[in-house]
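Colleague: Show me how the following folds:
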Amino acid sequence: MIVDDFVDMATSGEIWMPGWRCLMCGEIIDPIIESHRRKQEQHQEIVSAISGSSARPPAPLTVKSRKSLRR
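Modeller: Numbering: from 1, shown residues only. Next up, the predicted model:
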């Protein structure tokens, strides 16, 4: 990863802030992205503690053909 400067689009678009950009995949990490990721991790920990599980999304639905429903 290399240090790069990015335009803050949330404000006037003229404020530059430093961040990291991966030369291999192009992923960008800046202070705002890092803050949001930490908040999401904290939220997931709270949901897991309340539900007593890993709070995974539900499994996809199985769609049956009309022929199998006619029996």
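
Colleague: Only C-alpha atoms from now on, for both contacts and neighbour counts.
Modeller: OK.

Colleague: burial count for Ile33?
Modeller: Using other CA atoms under 10 Å, Ile33 has 12 neighbouring residues.

Colleague: Would you mind measuring from it to Val3?
Modeller: 15 Å (CA to CA, to the nearest Å).

Colleague: where exactly do the strands run in this protein?
Modeller: Secondary structure of the chain (DSSP state E): strands at 2-7, 16-21, 28-29.

Colleague: Each with direction, which strands does the shortest one pair with?
Modeller: This means strand 28-29. Strand 28-29 has the following strand partners under DSSP bridges: strand 16-21 (antiparallel).

Colleague: returning to what we had before: just name the most buried of the strands of the chain.
Modeller: Stretch with highest mean neighbour count among those: strand 28-29 (a mean of 17; mean count of other CA atoms under 10 Å).

Colleague: which non-adjacent residue is nearest Pro7?
Modeller: Let me fix one detail, which is that residue 7 is Val and not Pro. Counting by CA to CA, 6 or more residues apart in numbering, Trp16 is the residue found nearest to Val7 once chain neighbours are left out, at 4.6 Å.

Colleague: Pretty sure Asp5 is one of the things that neighbour touches, is it not?
Modeller: Yes. Counting by CA atoms under 8 Å, Trp16 does reach Asp5; the two are 6.1 Å apart.

Colleague: rewinding a little: I'd like the strands of the chain laid out as JSON lines, including distance to His43 and mean pLDDT.
Modeller: Output for those, formatted as JSON lines (distance: least, CA to CA, whole Å; pLDDT from 0 to 100):
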{"stretch": "strand 2-7", "distance to His43": "27", "mean pLDDT": "87"}
{"stretch": "strand 16-21", "distance to His43": "24", "mean pLDDT": "85"}
{"stretch": "strand 28-29", "distance to His43": "20", "mean pLDDT": "88"}
